[in-house]
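Asks: build me a structure from this.
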Amino acid sequence: MRIYTFRVIIKPDGKNAFHGYVPSLSGCHTWGKTLEETRKNLKEAIRCHIQGLFKDGESIPQEEGAFELVQTFTEKELALSR
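Replies: Below you'll find the model as predicted:
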């Protein structure tokens with residue numbers, strides 16, 4: 001059985017809800033009122049998206065070996081200090 005891995009990003013949307021998307025699956029977006037609801041909705045969105053790709057004979061993108069980093073900067077490093 002093959003394992004598929006997808007990076008997902010969930011952000012607050014500013015309206016007391018969360019927006020979730022999958023960068024490697026163009027157009028695969030969803031939302032939820034809570035993080036847990038958004039995660040659940042993302043699983044369903046990914047499943048539907050992949051089934052569509054499969055049905056259309058498209059390849060399924062993979063993020064094998066992907067590396068993600070959140071980089072932090074000081075104001076000085078960004079030359080924002082006055």
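
Asks: beta partners of the spatially closest residue to Pro12 that is not a sequence neighbour?
Replies: Among residues not flanking Pro12 along the chain, Phe18 sits closest, at 5.8 Å (Cβ to Cβ, 6 or more residues apart in numbering). From N, CA and C alone the C-beta is placed, and that goes for glycine too. Counting by DSSP bridges, Phe18 forms beta bridges with Pro12, Gly32.

Asks: list the contacts of Phe18.
Replies: Residues counted as contacts of Phe18 (Cβ atoms under 8 Å, 6 or more residues apart in numbering) are 10-12, 31-35, 37-38.

Asks: quick one: buried ones out of those?
Replies: Neighbour-count burial (16 or more other Cβ atoms under 10 Å) applied to these gives 10, 31-32, 38.

Asks: where are the low-confidence patches of the protein?
Replies: By pLDDT under 70, the low-scoring segments of the chain are 81-82.

Asks: what about the helices in it?
Replies: 35-55 (DSSP state H).

Asks: which residues touch Ile60?
Replies: 4, 50, 53-54.
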